[in-house]
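Undergrad: just need the structure, nothing else, for what follows:
(one chain, ligands or ions: 1)
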Amino acid sequence: MVDRNGRGRSRNHPVLTGSPRSPPASFVEQANVTDPEIYETFEAQWPECWERAADRLSWDEAYDTVLEDEDAPFYRWFTGGRLNAAYNCIDRHLESGRKTHTAIRWEGKHGERRTYTYRDLYVAVNEVAAALRDLGVEEDDVVTIYLPMIPELPIAMLACARIGAPHSVVFAGLSADALATRMDAADSEYLLTCDGYYRRGDAFNQKSKADNALLKLEQDVQAVVVDRLGDDLPHVLGDGEYDYHELRETFSGATVDPVSRDAEDMLFLMYTSGTTGEPKGVVHTTGGYLAHAAWTSHAVLDVKPEDTYWCAADIGWITGHSYIVYGPLALGTTTVMYEGTPDYPDRDRLWEIADRNAVDIFYTAPTAIRAFMKWGPEYPDRHDLSSLRLLGSVGEPISPRPWNWYYEHVGREACPIVDTWWQTETGAVTVSTLPAIDDMKPGAAGPGLPGIDVRVVDEAGEPVEPGESGYLTIARPWPGMARTLYDGDDRYLEEYWNRFSDPEADDWRYFSGDAARIDDDGYLTVLGRVDDVMNVSGRRLSTTEIESAITDVAGVAETAVVGRSNGTGDTEVVAYVSTEGGHDDENAVREAVVDSVESAIGPFARPSRILFTPELPKTRSGKIMRRLLEDVANGEELGDTSALRNPEIVGEIQAEIRDD
Ligand code: WT7
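TA: Residues are numbered from 1 along each chain as shown. Coordinates of the predicted model:
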């Protein structure tokens with residue numbers, strides 16, 4: 001097994017997964033992909049199998065070659081082909097008579113609702129594209145977009161795509177410094193932002209963050225500002241700043257021909273955090289990325305043009321790029337986007353939206369599912385969720401208890417759940433069950449998708465035995481993969497390829513940075529990032545594994561496990577636990593936690609400390625900040641906590657550990 005200290009290997013322990021369930025018959029009957037031989041077909045026809053993905057798109061010019069690997073691992077897909085992403089997401093649906101079909105249904109923070117038909121989207125995207133051109137944006141100029149979850153965000157992305165200008169969307173909740181770093185790294189001279197936005201009851205000032213970022217930059221920047229808050233937040237426009245709505249007026253009715261892009265031309269850049277502090281600018285292409293996003297929306301999420309489909313993520317991260325914007329719009333479906341949080345104005349916000357819009361497919365993250373579980377079934381129970389057909393999970397491992405809760409209380413045992421493993425770098429889903437074909441195993445994401453060669457390997461790159469854990473690698477390229485890092489090819493090789501590849505043998509292995517276990521049936525249980533692996537008394541433990549045992553305890557809503565050095569070189573397990581309402585007997589929960597960990601893993605994995613906290617510290621994208629909890633447990637200096645969604649919780653946790 002893998003660990004930070006690189007000491008030896010040990011057997012992994014059989015935990016984490018629940019009993020398998022077969023796909024509900026009512027789902028299978030109508031599913032997009034139903035032929036179980038798809039796995040063999042993809043193997044037999046590889047790499048031509050990926051033409052099925054490319055066939056989901058409309059090409060201006062057909063590609064000559066599916067895959068060019070001469071310069072591996074700098075692979076090139078669908079070479080010679082030309083296409084435009086905005087044309088694929090909009091124009092072609094107008095041409096096929098679907099003008100009045102709803103493209104985007106937007107649910108605003110204060111109950112506002114907006115609906116964009118494909119025709120409306122066409123008009124808006126063309127006007128913004130014309131305005132950007134007028135400001136001087138040329139093909140291949142990087143345009144930064146710093147907008148919250150308002151329709152102007154996907155409109156801006158598609159306007160960039162239309163004129164062949166790669167966008168770099170920076171999550172609206174990131175700081176001025178983060179925005180400046182990303183604009184500087186991409187040498188971006190154009191910014192789309194807004195005056196501010198609402199979160200919970202408050203109006204947040206986005207413009208002042210953008211202003212501060214621009215002050216740090218050397219380049220001159222032209223900015224387009226969306227007036228989101230009107231009189232709630234008056235703002236003034238300075239030099240080089242333009243009002244979005246005025247620009248749309250100016251270019252009212254303008255059209256811009258979609259620029260035909262080479263399949264390998266950059267569609268967008270997406271910054272993500274690496275092992276070092278420097279964010280990595282992940283480069284995605286027009287042909288391969290869009291084909292992979294569209295194909296997986298079809299094959300994994302079972303999206304159909306007539307569906308109302310909802311991925312409740314933020315477009316500021318890759319999930320929203322692939323599964324709110326590009327995948328569903330390429331398929332011509334109705335994509336829902338919502339602004340705000342699941343618990344405002346009440347904890348049934350999402351179910352109210354799903355009910356009112358008769359949502360067919362719902363895709364969210366385990367962190368949200370654990371919150372729903374904590375709040376209790378009465379919230380989904382208030383609404384009619386019978387329109388739902390399929391549920392998805394992404395972003396973290398989902399352990400069996402929240403999985404079952406989601407299956408029972410949201411899916412009413414009638415919807416398959418796809419637990420999709422992928423990354424900013426993979427572009428689209430790479431590991432998941434196919435919902436009409438494969439049994440679901442709660443806690444295990446599933447096998448590699450057809451054509452994706454996932455291998456769990458040891459330190460030497462050799463496959464581990466089934467049931468053992470190791471490093472999650474991928475042995476062949478796939479269309480949606482990142483092509484490089486904007487910061488340079490060397491860093492790309494260093495971060496993802498050097499560790500497990502053998503360049504002399506021309507044998508290239510992508511390393512994901514995750515640890516996983518692979519079972520006899522080829523299902524992958526993701527154990528978390530490799531640096532989340534602890535060494536306790538010479539045994540390697542995955543924090544995720546212990547956490548799964550803890551969340552199995554009735555009354556536990558959420559937990560995070562970290563290692564604490566006891567001063568003699570050994571690591572002790574510290575568990576932070578937040579409980580569901582009605583489970584205030586901490587001693588009872590504590591005992592049950594110890595029992596569960598002991599029986600799932602072994603006495604050596606028992607937490608030496610269990611600390612109760614009302615909430616766990618989370619990043620704005622909803623990931624638990626384990627590194628911070630580790631520092632708290634070890635009594636270390638804490639770094640900057642301002643990037644947290646709930647920084648106020650840190651003091652409470654520190655007090656708790658001191659008093660313990
Ligand atoms: C990391 C990638 C790709 C969507 C959002 C996150 C973890 C993602 C799963 C899953 C277990 C998962 C991995 C991965 N992850 N999906 N279904 N089961 N872990 O994108 O920010 O690039 O993070 O998220 O650790 O490496 P990201």
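
Undergrad: and Val556, how far is that from the ligand?
TA: According to C-beta to the nearest ligand atom, to the nearest Å, Val556 and the ligand sit 19 Å apart. The C-beta positions use only the backbone N, C-alpha and C, and glycine is treated the same way.

Undergrad: any idea how far apart the tips of stretch 33-42 sit?
TA: In stretch 33-42, first residue to last residue: 13 Å (C-alpha to C-alpha, to the nearest Å).

Undergrad: near the ligand, which residues of this protein show up?
TA: 272, 318-319, 394-397, 419-424, 445, 512-514, 526, 529 (C-beta under 6 Å from any ligand atom).

Undergrad: PyMOL command for the buried members of those?
TA: Restricted to buried positions by 16 or more other C-beta atoms under 10 Å, the PyMOL selection for the residues of the chain next to the ligand reads:
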select buried, resi 318+319+394+395+396+397+419+420+421+422+423+424+445+512+513+514+526+529
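
Undergrad: mark which of the residues of the chain next to the ligand are part of strands, please.
TA: 272, 394, 419-420, 512-514, 526, 529 (DSSP state E).

Undergrad: now flag whichever of those residues is closest to the ligand.
TA: Here the nearest of these to the ligand, counting by C-beta to the nearest ligand atom, is Val526; it sits at 3.5 Å.

Undergrad: who are the contact partners of the closest one?
TA: Val526 makes contacts with 397, 421, 431, 445, 472, 514-516, 544, as judged by C-beta atoms under 8 Å, 6 or more residues apart in numbering.

Undergrad: dump the residues you listed into CSV; add pLDDT as well.
TA: Below are the contacts of Val526 laid out as CSV (pLDDT from 0 to 100):
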residue, pLDDT
Pro397, 85
Trp421, 97
Val431, 98
Ala445, 97
Leu472, 96
Asp514, 89
Ala515, 89
Ala516, 93
Thr544, 77
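
Undergrad: could you identify the most distant pair in those residues?
TA: Within the contacts of Val526, Val431 and Thr544 form the most distant pair, 15.4 Å apart (C-beta to C-beta).

Undergrad: and the longest helix for the chain?
TA: Assignment by DSSP state H gives helix 118-135 as the longest helix of the chain.

Undergrad: Arg261 pairs with what?
TA: Beta-bridge pairing for Arg261 (DSSP bridges): Leu83.

Undergrad: distance-wise, check it relative to Gly320.
TA: For Arg261, the distance to Gly320 equals 22 Å [C-beta to C-beta, to the nearest Å].

Undergrad: wait, Val650 sits on Val632?
TA: Yes: counting by C-beta atoms under 8 Å, Val650 touches Val632, with 7.2 Å between them.

Undergrad: quick check: neighbours shared by these two?
TA: Taking C-beta under 8 Å, 6+ apart as the criterion, Val650 and Val632 both touch Leu638.

Undergrad: ok, those two, which is more surrounded?
TA: Taking other C-beta atoms under 10 Å, Val650 and Val632 do not tie; Val632 has more neighbours (23 against 18).

Undergrad: buried residues in the strand or helix carrying that one?
TA: Counting by DSSP states H and E, the element that carries Val632 is helix 626-633. For helix 626-633, burial by neighbour count (16+ other C-beta under 10 Å) applies to 626, 628-633.
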